[in-house]
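Student: Quick one, structure for this:
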Amino acid sequence: MEIRPFDSTPAFVALDLPDAEIALAACRLAPKILRDGAELLARSLTYGFASLEMRSSGASVGIDASAEARADALAAFVRAAEPEVAAGRLLLDAARGVSESDLAPLRSVDPRPAALWGLASGHRVSDLLVADGVAASAHVALGGLEGRTVAIEVASPAAVAVIDRLLAVGAIVVAVGGGSGAVRCATDGGSSLRAALDAGAGVALADSLGGSTPVGSLLEVEADVLLVGSRAGIVDHDVASSVAATTIVPVGPVPVTARGLAVLRRRGVAVLPDFIATAGALTAVGAAPGATVEELRTAAAVAVGGAMSEVVAHPDGALLGACARAEAFLATWQDDLPFGRPLA
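Tutor: Model (predicted):
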């Protein structure tokens, strides 16, 4: 892992494989971005690329700025990053504290398909690619999604896109997290919950949707699938001991700790690898510039579903099996494997 500072702005990029021709970075902004967290996010992306057999590196950008200094810091970062983006060496995606509009000045020089930056079905296309990959992963793990119950720990834009995708294939959304509580659906399969999220009501509509339960209890909701990913390591060993779902499908990077994974495995709870489940948008790297939204979505679902199908029945569990599979590919083009797996 190599940490490179930007001279003109209080920012850095953590490059997991410095000799890779292309690196994709999640950009985060906060008063203090921790290097350890940045390295973990970069490692997860590296394993995602390797899982898709793509010779690219994960990376992570941290912009250290207060709310008052945010605009200036972002503008300086965009100027500093533009040459590398235009050259195709460093591709940037918005993450916590950074919006898509903040990175908009870079999109005209980004080599990925222009369709990636648009909207479709009311969602950002990049979020739809993540959603398609998550849905494909869950489908592979459960052998189908029609009639399956789903609890969702986080209502991020990508997670809301996942809700739409799951409802479209007949899954039943029973609970969703957000803020200081969890909204529980009534008996409509999730459509009223989806409407509440669209209206921005969130937990305020808990009573009209059948009651609410504390966030800590959301992870204990009985469901076929629990979608998690609001932050790295949210499912630690304590939380893992009370998870009631039979399968955990990540919608964000590294949500399960190493100790949490051990507890879940002992309890027979399947944990899918985050770096495959959330890798849908990675498939846009190297895609044809004129690729359409439907072409991008199909490619994401096929690639992610195919990779997941190769590890879901691994004797050591899907997550550890996926790590071994990714490392086998990395060994075909890296002299030394990166130290440490993507586990919080």
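
Student: so where do the helices sit in this protein?
Tutor: 35-51, 70-86, 104-107, 125-142, 157-168, 191-198, 215-218, 237-240, 258-267, 274-277, 293-309, 318-330 (DSSP state H).

Student: got any ranges where this protein has weak pLDDT?
Tutor: For the chain, the stretches flagged by pLDDT under 70 are 155, 178-217.

Student: Geometrically speaking, which residue is the centre of it?
Tutor: When the chain is reduced to its mean C-alpha position, the closest residue under CA atoms, centre = their mean turns out to be residue 252, at 3.2 Å.

Student: next one: phi and psi at that residue?
Tutor: Dihedral angles of residue 252 (phi, psi; degrees, to the nearest 10) stand at phi -150, psi 170.

Student: And it, how far from residue 235?
Tutor: 11 Å (CB to CB, to the nearest Å). To be clear about C-beta, it is placed using only N, CA and C from the backbone, and glycine gets the same treatment.

Student: so who does the residue nearest to the centre of the chain touch?
Tutor: Residues near residue 252 by CB atoms under 8 Å, 6 or more residues apart in numbering: 154, 156, 158, 228, 229, 230, 231, 232, 274, 278.

Student: got a winner among the residues you listed for most neighbours?
Tutor: residue 274 (30 neighbours; other CB atoms under 10 Å).

Student: Now that residue. Nearest residue, chain neighbours left out?
Tutor: residue 250 (3.5 Å; CB to CB, 6 or more residues apart in numbering).

Student: Just confirm the one you found contacts residue 227, I think it does.
Tutor: Yes. Under the criterion of CB atoms under 8 Å, residue 250 makes contact with residue 227 at 7.5 Å.

Student: residue contacts, the nearest residue to residue 37 once chain neighbours are set aside?
Tutor: What sits nearest to residue 37 in space, not counting adjacent residues and going by CB to CB, 6+ apart, is residue 232, at 6.5 Å. By CB under 8 Å, 6+ apart, residue 232 lies in contact with 37, 40, 41, 252, 253, 254, 255, 344.

Student: and with 10 Å instead?
Tutor: If a contact means CB atoms under 10 Å, 6 or more residues apart in numbering, then residue 232 has 36-37, 40-41, 44, 252-257, 274, 342-344 as its contacts.

Student: Need the overlap of contacts for residue 250 and residue 227.
Tutor: Joint contacts of residue 250 and residue 227 (CB under 10 Å, 6+ apart) are 134, 153, 277.

Student: Next up, the contacts around the second one.
Tutor: Taking CB under 10 Å, 6+ apart as the contact definition, residue 153 lies against 159, 175-178, 182, 215, 218-219, 221, 226-231, 234-235, 248, 250-252, 255.

Student: Please flag which of the residues you listed sit within strands.
Tutor: Judged by DSSP state E, the contacts of residue 153 include 175, 176, 177, 178, 182, 226, 227, 228, 248, 250 as members of strands.

Student: nearest to residue 306, of those?
Tutor: residue 250 (17.8 Å; CB to CB).

Student: what separates that closest one from residue 327, distance-wise?
Tutor: Applying CB to CB to residue 250 and residue 327 gives a distance of 19 Å.

Student: which of those two has more neighbours?
Tutor: Counted by other CB under 10 Å, residue 250 and residue 327 do not tie: residue 250 has more neighbours, with 27 against 15.

Student: which of the ones in strands among the contacts of residue 153 are buried?
Tutor: If you count burial by 16 or more other CB atoms under 10 Å, the buried members of these come out as 175, 176, 177, 178, 182, 226, 227, 228, 248, 250.

Student: follow-up on the earlier one: out of the helices of the chain, which is the most enclosed?
Tutor: Mean neighbours per residue, mean count of other CB atoms under 10 Å, is largest over these for helix 274-277, with a mean of 31.

Student: picking up where we left off before, what do residue 252 and residue 235 both touch?
Tutor: With CB under 10 Å, 6+ apart, residue 252 and residue 235 have common neighbours 153, 228, 229.

Student: Residue 11: which of those residues is nearest?
Tutor: residue 229 (24.3 Å).

Student: List the residues that contact the closest one.
Tutor: Here residue 229 is in contact with 130, 134, 152-154, 156, 158-159, 162, 235, 248-256, 274, 277-278 (criterion: CB under 10 Å, 6+ apart).
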